[in-house]
Structures are given as C-alpha cells and as structure tokens.
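Enquirer: Structural data only, the sequence is not supplied:
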C-alpha cells in the first residue's frame, strides 16, 4: 500500500466516521426542539451504537468473503439514507429511526483496518492502524467542532443537510479510492452466509484475547461518550450558560490527536500493545479523576479533557494490535467481535450517562465515568498478566 492510498483511506474513514458524532454538541438543541428530556435524547446515540453493533455482527463478517470495496460502497449509501431521515424527519421518533438506521449502516470505518492490514507488512501494522485511527479522530473532530458552530448559528437540521451532501460525495468517490482486488482470496471462507456469521464463534474461541480487548475498548468508548454527551448538556445548562458552539470549540482539543496518535502508535509498536494499554489507561484514569473537581470551570475542564483526548485513541489502537497480526482470513471476524463489544459498551454508556445526568447532574456523570475508568485499568492489568508481557516489535 502506497502512502497516497493510505492517506485516501484515512480521508474516507474521517468522513464516514463523522456521521455518528454530529449529535454530541447539538444534543441539547435537538432535545429542546423536540421537547424531550435528557434521558430520552440519550436514546439517540444509544440506539445508534447498539444498531451499529448489530450491523457489524451480521454484516462485517462478509468482509472475509466479499470485496471490502463493494461492501463499503453499499454501506456508505445506507449512511446517506439515514442522514436524510435525520435531516428531514418531522418527529422525534423518525429522527431516532434515522439515527438507528445510520448506525446499522456504519460498517465502512471498520472494514478499512482489515482491508489495510492485508496490504502492509506486520512491522508496519501499528503505524498504519494509528494513521487510520487519526482519520477517525479527524472525522470526530470535524463533526463535533463543525456541528457545534453550525447548530448554534444555522440550526441543527443544517448540520444534517451538510452531512448528507458530504456523504453522497464520498459514496461516489469510494470506488476510485479502494482497490477491488483482494490479496487473500485463496483464504476466503466458503459456505453459507449464516455459516460465515456463526464461524466467528470458534474463531473467537481460538483467539480469546479479542474478547478482553473488545471489552476494554467498550469501556473506554463508553467513558468517551459519557463525558462528551453529558458535557453538551452540562455546558448549555442554565448553571453554565454556554452555547452549542462552545461545546464544539471545546471538542477542538482533539486536534492534538492528529499530531500525537501516529507517534504514540509507533511507541506502542516498540513497547508492546498490552503494556502500552495499561500505561495509557492509568493516564486516562488520572484525567477522569479531575472531571468532577474542575467541572465548574470551562477553562479548568480543558486539563482533564486534553489528557483523555491524547491517550483515549491509543486504547483502541493497542486493542486492535492484539489481534490484527492474525492470519488475514480471520481478521475481519475478529474485528467483528471486537467492534460489537465496543459499541455495546458505547450504547449502554450513552443512555446510562444521560439518565444519570438527569438524576444528579454533572457530579453524577463524573462518578459513573470514574467507576468505568477504574474497571478499564483493572482489565488492562489482567490482560497483561494473563496473556504475558509483550516486548514490542524490534527494528530490522
């Protein structure tokens, strides 16, 4: 894979990932427009994440059998349809339905790492995975910063009008970006569709570490969603008095990830994914500890949010590194198990955080994230103990 191909894949990953994150800074605006409570609006991201988990479980395994290129184009078109439903939906439940369908169709970002891993040397896996993750970060950054400003000044529906237009463009460009030829066709599994889906279970039994890596990432993603969804409610509350655009500007802290994720991915190559994950989970826990203390000040909140933004993506990078070095014919199904666990965790945490916020405000949310972060550290330690120390990759 050339550098140009990798950059184009990273750009595509940024666009198709952004769609799920527009809701973060404008969640209060959407709730106010539809006249629903914090726990009710929490159903939007929660069902989106759970639908994504179901879509990945039933659809992503096809990536081991059919062309990643064809699947990516079909699912990108599905995302476009979901965005149209959200943009033009006249009722809250139609908006929820559009978001849920969008989630079910959001498979393309998770086809790309397996697609790329079949085209790079094992020693470059951490660098390539980190570069693709940087694209995901860029998409999330664009979604949250841009949506906050557009939602505050032009209305939240305009956010989805723009998103649908951009998604249409990327759907038409994907056939030119991705190579339809698969290098591992001789390793593609045979049999029926249901046999292919069910074949994930014996593969996971042979590679059990993917379960603990997926659980760790599910908790880490849950922490991320819990903080940023309720931050949108907290900062726009009468107590704080900020607008949705401020929430978007604060999300701009993720700009640091564009500079730090790839070098930290290379560091994880040298250190080993399990040891690196334990270290960064401790750093994230330290940041979460400060959320409650600094919650009264927008400026002080930047300290823990910056800490969490820098290390958060590396939990995902190191988690994927623990299984993407396996044979190409099983990587997509291992990715399926990993991502399903990730989005189940994200979906449950999304609703739990908004429900807890409705009951006890920002203080209650920070307690929830503190418990989740402590659990993440413990599981990262257990992973290192159970699966052994990894010395990382030596330079050749």
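Expert: Perfect, I can see it now. On a predicted model such as this, the values are computed, not experimentally measured, just so you know.

Enquirer: Please tell me how far residue 57 sits from residue 341.
Expert: Going from residue 57 to residue 341 by C-beta to C-beta, to the nearest Å gives 10 Å. For every residue, glycine as well, the C-beta is placed using N, CA and C.

Enquirer: which of these two has more neighbours?
Expert: residue 341 (24 against 17; other C-beta atoms under 10 Å).

Enquirer: In terms of helices and strands, where is the more buried one?
Expert: helix 328-387 (DSSP states H and E).

Enquirer: residue contacts, residue 370?
Expert: Going by C-beta atoms under 8 Å, 6 or more residues apart in numbering, residue 370 touches 288, 289, 291, 292.

Enquirer: where's the second one, which helix or strand?
Expert: Here residue 289 sits within helix 273-293, counting by DSSP H and E.

Enquirer: could you say what helices and strands the helix or strand just after that helix packs with?
Expert: Sequence order places helix 298-321 as the next helix or strand after helix 273-293, per DSSP H and E. Other helices and strands packing on helix 298-321, by 3 or more C-beta pairs under 8 Å, 6 or more residues apart in numbering; DSSP states H and E, are helix 125-154, helix 209-235, helix 244-251, helix 255-271, helix 273-293, helix 328-387.

Enquirer: Pipe those into TSV and attach distance to residue 94 per row.
Expert: As requested, the helices and strands packed on helix 298-321 are exported to TSV (distance: least, C-beta to C-beta, whole Å):
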stretch	distance to residue 94
helix 125-154	19
helix 209-235	21
helix 244-251	22
helix 255-271	34
helix 273-293	34
helix 328-387	19
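
Enquirer: Mind checking those helices for the one nearest to residue 116?
Expert: Minimum separation from residue 116 across these (C-beta to C-beta) falls at helix 125-154, 5.4 Å.

Enquirer: Now that closest one: buried residues?
Expert: Buried residues in helix 125-154, counted by 16 or more other C-beta atoms under 10 Å: 125-152.

Enquirer: can you check stretch 262-276 too?
Expert: 262, 264, 265, 267, 268, 269, 271, 272, 273, 274, 275, 276.

Enquirer: Out of those, the closest to residue 325 would be?
Expert: Out of the buried residues of stretch 262-276, the member with the shortest distance to residue 325 (by C-beta to C-beta) is residue 273, at 9.5 Å.

Enquirer: What separation is there between that closest one and residue 317?
Expert: 8 Å.

Enquirer: Mutual contacts of the two, please.
Expert: Residues touching both residue 273 and residue 317 (C-beta under 8 Å, 6+ apart) are residue 126.

Enquirer: OK, contacts around the residue lying closest to residue 386 once chain neighbours are set aside?
Expert: Distances taken as C-beta to C-beta, 6 or more residues apart in numbering place residue 212 nearest to residue 386, at 7.6 Å, with adjacent residues excluded. Residues near residue 212 by C-beta under 8 Å, 6+ apart: 379, 382, 383, 386.

Enquirer: pretty sure the third one is touching residue 275, no?
Expert: No. Assessed by C-beta atoms under 8 Å, residue 383 is found out of contact with residue 275, at 9.8 Å.

Enquirer: which residues of the chain score low on pLDDT?
Expert: 1, 61, 63-64, 114, 122, 180-191, 388-396 (pLDDT under 70).

Enquirer: follow-up on the earlier one: can you check which residues contact both of residue 57 and residue 341?
Expert: Residues touching both residue 57 and residue 341 (C-beta under 8 Å, 6+ apart): there are none.

Enquirer: re the thing from before, can I have the buried ones of the contacts of residue 212 as a ChimeraX selection?
Expert: The command below creates a ChimeraX selection of those among the contacts of residue 212 that count as buried (16+ other C-beta under 10 Å):
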select :379,383
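
Enquirer: Need the residue closest to the centroid of this protein.
Expert: residue 221 (6.8 Å; C-alpha atoms, centre = their mean).

Enquirer: quick one: contacts for that one?
Expert: Here residue 221 is in contact with 316, 342, 343, 345, 346, 349 (C-beta under 8 Å, 6+ apart).

Enquirer: how close does the closest residue to the third one other than its chain neighbours get to residue 245?
Expert: Once its chain neighbours are removed from consideration, residue 343 has its nearest residue in residue 53; the separation is 3.9 Å (C-beta to C-beta, 6+ apart). Here residue 53 is placed at a distance of 31 Å from residue 245 (C-beta to C-beta).

Enquirer: Which of the two has more residues huddled nearby?
Expert: Ranked by neighbour count (other C-beta under 10 Å), residue 53 and residue 245 place residue 53 first, with 23 against 18.

Enquirer: sec struct for that one, please.
Expert: Of the three states, residue 53 takes helix under DSSP: H, G, I helix; E, B strand; the rest coil.

Enquirer: quick one: contacts for the nearest residue to residue 153 once chain neighbours are set aside?
Expert: Spatial nearest neighbour of residue 153, chain neighbours left out: residue 245 (6.9 Å); criterion: C-beta to C-beta, 6+ apart. Residue 245 makes contact with 25, 148, 149, 151, 152, 153, according to C-beta under 8 Å, 6+ apart.

Enquirer: same thing but at 10 Å, please
Expert: Shown in contact with residue 245 (C-beta atoms under 10 Å, 6 or more residues apart in numbering): 25, 26, 145, 147, 148, 149, 150, 151, 152, 153.

Enquirer: tally of neighbours for residue 8?
Expert: Residue 8 has 17 neighbours, counted by other C-beta under 10 Å.

Enquirer: wait, doesn't it sit right on residue 178?
Expert: Yes. Using C-beta atoms under 10 Å, residue 8 is in contact with residue 178, at 8.6 Å.
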